[in-house]
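# when you get a sec, could you give me coordinates for this:
(one chain, ligands or ions: 1)
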Amino acid sequence: MVFNPVQKQFNDFSKKARKINRNFNLNIVYSIMDLTSGYPYWLIKSGLPANYPKLESNLKTDVLIIGGGISGALSAWHLCEAGIECTVVDGRTIGLGSTSASTSLLQYELDTSLSVLSRIIGNKKATRAYNLCYSAIDKLIAISKKLQFTEIEKRHSLYFAAQEKDTKLLELEYKARSNAGLKVDLLNKRDIKKEYGFSAPAAILSSQGATTNAYMFTHALLQQGLKKGLSVFDRTKITSKKYSNTGITLHTEQGHIIRAKKVINATGYEVTEFLNKNIIELKSTYALISENMQSPTPPWKDGTMLWNTADPYLYIRITSDNRIIVGGRDEDFYDPAARDKLIKRKTKLLAKDFSKLFPSINMIPEYSWIGTFGSTKDSLPYIGGYNKTPNTYYSLGFGGNGIVFSLIAAEIICDMIKGKKNENAELFSFDR
Ligand SMILES: Cc1cc2nc3c(=O)[nH]c(=O)nc-3n(C[C@H](O)[C@H](O)[C@H](O)COP(=O)(O)OP(=O)(O)OC[C@H]3O[C@@H](n4cnc5c(N)ncnc54)[C@H](O)[C@@H]3O)c2cc1C
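Presented below is the predicted three-dimensional model:
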């Protein structure tokens, strides 16, 4: 992996921090990155749906969750349901990390196909990871029902070959998924044209999938949490942490002290102390949203989520207000200045990618945006404890399935805090 200068700065910092932090007397400083730019649609659509206070005094809490994005919000929801006292703090306004930029497709299909993942971690573990993601989608839908949050829709997912030569890959993948008990169909060129109206050599159709709005989902979770005794503070950045065997003492940028028995680190890509372990590769990804399609029906069958075998892959979804989101065209760097310069060109390219597939659909881009995202070698998240930071848990849902991973992380971490063994934890552990 090649690091850019910003990452190198983080690495150098992390090295220094680890030197200071031997013997669990840790004092790690966090930095805030430039995660998004452009006009993420959810922010334009919903603006600031709720206000949360800044932390203005010292605080004691059983569990402190650092990060009020979808990961922190799902963890808070699980802890509140379990009757565990907890507090969320975020350095930004709630939701304005990666969550506000998320295109919010909920897929069980990871960035690494099941057939390839099986070769990396073994078939049994790979199948378990796929099955966990599969059921996570149903769980997210069930939670949204409890919250009466309606911006989540079940959708099929169509994974299509970008080129003729990828047909073999898809056939292999279809076999692997069928053997794992996942309900899929293999479509040929004629089926795809007839059913979906575009040309591709082959595709796998999955009935399991959904689309949502992660930004508003986050607010809905936190608002429900507030009713159950959760405290939420935004614009409250944690600048240092000190670990002991009985708990963690944290300092905020405003100079207040938080004492917590346990900490959940749901800080997304800003988890700098691990960067030099090479667990994450930071990238920039681009998305656009079209004008409203002014038609009561989706422009292709069932508004199915579409994505392909290209690298980086192209993906397409429909929103509940009948707009088309097109995403992809990733760059292998984080550098915000370089990334932002490309936004106009990337928007044009994404629009071109779309019209190549659907020349007869008049898709006019209205807004476009950019987000940082990170991927891991096996496309699996890092979840759970880390031996150098006692009483601390990590919810790091890196990769294209970040939201589904946030749910899995919330379940695992909630069990760990309750002292209950979770048999899925080892799949995502730092020791894997
Ligand atoms: C353009 C784009 C498209 C995507 N599309 C999809 C998709 O279709 N499906 C999918 O599943 N995933 C997708 N993802 C990934 C998904 O959005 C992320 O995995 C998810 O939003 C991460 O949520 P999070 O809560 O972990 O991180 P964040 O939303 O970044 O939240 C972390 C929070 O921690 C706070 N924080 C950090 N450090 C500190 C500190 N020191 N003190 C206090 N607070 C701190 C930050 O301010 C931030 O708000 C996409 C990502 C991008 C960028």
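# got the contact list for the closest residue to the ligand within the chain?
Across the chain, the shortest distance to the ligand (Cβ to the nearest ligand atom) belongs to residue 402, at 1.8 Å. All C-beta atoms are positioned from the backbone trio N, CA, C, and that covers glycine. For residue 402, the residues meeting the contact criterion (Cβ atoms under 8 Å, 6 or more residues apart in numbering) are 70-71, 98, 102, 373, 381.
# repeat for residue 205
Remark: with contacts taken as Cβ under 8 Å, 6+ apart, residue 205 is in contact with 156-158, 184-187, 304.
# which of the residues you listed sit farthest apart?
Looking at those by Cβ to Cβ, the two members farthest from one another are 186 and 304, with 15.3 Å of separation.
# more neighbours: these two, which one.
Summary of the neighbour comparison: residue 186 and residue 304, criterion other Cβ atoms under 10 Å, with residue 304 having more neighbours (21 against 17).
# so who does the residue nearest to that one when sequence neighbours are not counted touch?
Residue nearest to residue 304 in three dimensions, not counting chain neighbours: residue 156, with 4.4 Å by Cβ to Cβ, 6 or more residues apart in numbering. For residue 156, the set of contacting residues under the criterion of Cβ under 8 Å, 6+ apart consists of 205-207, 209, 302, 304-305.
# most neighbours among those, please name it.
residue 305 (24 neighbours).
# dump the residue contacts of that residue.
105, 107, 155-158, 209, 211, 315-317.
# and residue 90, by the same measure?
Shown in contact with residue 90 (Cβ under 8 Å, 6+ apart): 66-69, 72, 97, 233-236.
# pull out the buried residues from stretch 76-91.
76-80, 84, 86-91 (16 or more other Cβ atoms under 10 Å).
# can you tell me which two in those residues are farthest apart?
In terms of Cβ to Cβ, the buried residues of stretch 76-91 reach their longest pairwise distance at 84 and 91, which sit 23.2 Å apart.
# among the contacts of residue 402, who's most crowded?
Of all the contacts of residue 402, the highest neighbour tally under other Cβ under 10 Å goes to residue 71, namely 34 neighbours.
# which ones are touching it?
By Cβ under 8 Å, 6+ apart, the contact list for residue 71 reads 266, 268, 395-397, 402, 405-406, 409-410.
# in which helix or strand would I find it?
Using DSSP states H and E, residue 71 sits in helix 70-81.
# pull up the pairing partners for the following helix or strand past that helix, direction included.
Using DSSP H and E, the helix or strand that directly follows helix 70-81 along the chain is strand 86-89. Sheet pairing of strand 86-89 (DSSP bridges) gives strand 59-66 (parallel), strand 231-233 (parallel).
# what mean pLDDT does whichever strand or helix holds residue 119 have?
Secondary structure assignment for residue 119, by DSSP H and E: helix 114-121. Per-region confidence: helix 114-121 scores 96 on mean pLDDT.
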